[in-house]
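**Q** turn this into a structure:
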Amino acid sequence: MNHDLRPCPVCAGRFVDPLLVQRYSLFDDSTLPRETRIVSCKTCAMVFAQSTASPDAYRLHYSHHSKYHSRPQASASEESLLEQIRFDNVAKELVQEAEGRIGSVLDIGAARGGLLKALRTQGVERVVGMDPSPGCVAAMKADNIEAFTADLETPVWPIENELFDRIILSHVVEHLYDATAGLKMALRVLAPHGAVYVEVPDAARYVVDGFPPYYFFDPEHINHFDLATLTRLACQCGLDVARVRYGNLEVGSSRPYPAIGVWMKPTTTEISPQFSGPAVAVGKYAEACRKAWNASLFHGTIRDCLAHNKPLLIWGAGSYTQRLLSHTWPETLRLLALVDSDPGKQGRCIAGIPVLSPQEGIALAVRHQAKVLIAVALGGQSIGTMVQEMAPELEWLVC
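**A** Have a look, this model is predicted:
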């Protein structure tokens, strides 16, 4: 047992069963760990990523490199439209569950405030957003949403003396170093009659089809919950799961992203949760990922570039590419650069390889007659069409 490794985020246990190891080549200025072990807690059955990284390493990452602050906000894009539909649906369910009696909502990890805007449309009188990214908070304020910069380890919040009818942690808890401590911090501002809505990826339903291998094990998602472990988390904080919402998030290209949402409410009843968890499902998912990885077109592309002495340009600087670059590449392979449309990634480096804008990257590829490998989770074919329009002479492949 190594006491330097991260303990269980639910029960703080240190005895675990290993499931698999994940390695990443991250941005050169990243504070996140380059290697994690996905493990299952022997005490409470929680599945989580274990490493020697400190809580501060994660806090710095979310305050300085939030993808929601920097990503392009094309309001007419498929991703944005699907996201808006999701926000509208969740807002309607939150109001219906409360029978319309929601006076105030605090959204923790609110990003740019999309869900809060949807709740305001549903008639919620007071909406407040909290996020560790100053850029996200500025975006919310620009939309006339009350917001402040903080996280679940910030000791004092500006709304410290207020109580809220609903607290939302939507796709936040899977990122928390200590999920139990974080949830308890949120409860400080929950009204006695209130409820906490927690939504996370559903580890019991991870799928390979339609996603890159190991997609759900990205460097930021360090907790893998199912209903049993969410219930266990609630019990640790004196809460009970009052209602469950299973769903598939539409994230583009008709790819369902499995998610589970629960309403947690204070209880005085002693609850004995089942000590089951998603370890079996996660293990099966990992094995399916291994097979898909070994069959990936990526390997054939590398061999082809080496055989024809052809340089390579990779489009994508997300977790898929970070995982690709963590593997040992032949020294003779000429990887020119990475390309990403996110301005927050441009100008940075991964393993010393620069990230360029699409215009810069395609111009470089044309000069060197490089092959373009598209390594993104969503929209690969659309990017291929863009490459073809920008430079018809280039050869491209979706990995």
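**Q** from the chain's centroid, how far away is whichever helix or strand residue 305 is part of?
**A** Following DSSP states H and E, the helix or strand that holds residue 305 is helix 297-307. Averaged C-alpha coordinates place helix 297-307 at 30 Å from its chain's average position (C-alpha atoms, centre = their mean, to the nearest Å).
**Q** right, and the helix or strand after that helix?
**A** Heading C-terminal from helix 297-307 (DSSP H and E), you reach strand 312-315.
**Q** quick one: residues in contact with that following strand.
**A** Strand 312-315 is contacted from outside by 301-302, 305, 321, 324, 333-340, 358, 361, 364-365, 370-376, 383, 387, 396, using C-beta atoms under 8 Å, 6 or more residues apart in numbering. In this view, the C-beta of every residue, glycine as well, is placed from N, C-alpha and C.
**Q** list the strands paired with that strand, with their directions.
**A** strand 335-339 (parallel), strand 371-374 (parallel) (DSSP bridges).
**Q** between those, which gets the lowest average pLDDT?
**A** Of all these, the minimum mean pLDDT falls on strand 371-374 (a mean of 91).
**Q** buried ones in it, by neighbour count?
**A** For strand 371-374, the neighbour count (16 or more other C-beta atoms under 10 Å) marks 371-374 as buried.
**Q** list the contacts for the closest residue to residue 340 other than its chain neighbours?
**A** Of all residues not flanking residue 340 in the chain, residue 317 sits nearest, at 4.0 Å (C-beta to C-beta, 6 or more residues apart in numbering). Residues in contact with residue 317 (C-beta under 8 Å, 6+ apart) are 27, 338-340, 342, 345, 348, 350, 355.
**Q** so the closest residue to residue 326 other than its chain neighbours bridges to which residues?
**A** Leaving aside its sequence neighbours, residue 326 sits nearest to residue 23 (C-beta to C-beta, 6+ apart; 4.1 Å). Applying DSSP bridges to residue 23 gives these bridge partners: residue 35.
**Q** is it true that residue 23 touches residue 322?
**A** No: counting by C-beta atoms under 8 Å, residue 23 sits too far from residue 322 to count as a contact (9.1 Å).
**Q** who's more crowded, these two?
**A** Using other C-beta atoms under 10 Å as the criterion, residue 23 and residue 322 rank with residue 322 on top: 24 against 14.
**Q** hmm, which helix or strand of this structure has the shakiest average pLDDT?
**A** The helix or strand of the chain with the poorest confidence is helix 67-70; it has a mean of 61 (mean pLDDT, DSSP states H and E).
**Q** after that helix, which helix or strand is next?
**A** Following helix 67-70 in sequence order, the next helix or strand is helix 78-97 (DSSP H and E).
**Q** what about the stretch 151-300 of the chain, any weak spots by pLDDT?
**A** Along the stretch 151-300 of the chain, the parts satisfying pLDDT under 70 run over 251-254, 270-275.
**Q** need the helices for it, in chain order.
**A** In the stretch 151-300 of the chain, the segments counted as helices under DSSP state H, counting those that start in this stretch are 179-186, 227-236, 279-294, 297-307.
**Q** any idea which of those is most buried?
**A** helix 227-236 (a mean of 23; mean count of other C-beta atoms under 10 Å).
**Q** just how off-centre is that helix within its chain?
**A** 20 Å.
**Q** now swap in stretch 230-238 and tell me
**A** 22 Å.
**Q** with stretch 287-295 instead?
**A** That offset, for stretch 287-295, works out to 21 Å (C-alpha atoms, centre = their mean).
**Q** distance of the spatially most distant residue from the centre of the chain from residue 332?
**A** Centroid-distance maximum for the chain: residue 308 at 37.6 Å, with C-alpha atoms, centre = their mean. Using C-beta to C-beta, to the nearest Å, residue 308 is found at 12 Å from residue 332.
**Q** for residue 50, same thing?
**A** Residue 50 is 36 Å from residue 332, by C-beta to C-beta.
**Q** same check, this time on residue 163
**A** Distance from residue 163 to residue 332, by C-beta to C-beta: 63 Å.
**Q** of those two, who's got more company?
**A** residue 163 (15 against 8).
**Q** quick one: residues contacting that one.
**A** Counting by C-beta under 8 Å, 6+ apart, residue 163 makes contact with 104, 189-192, 194.
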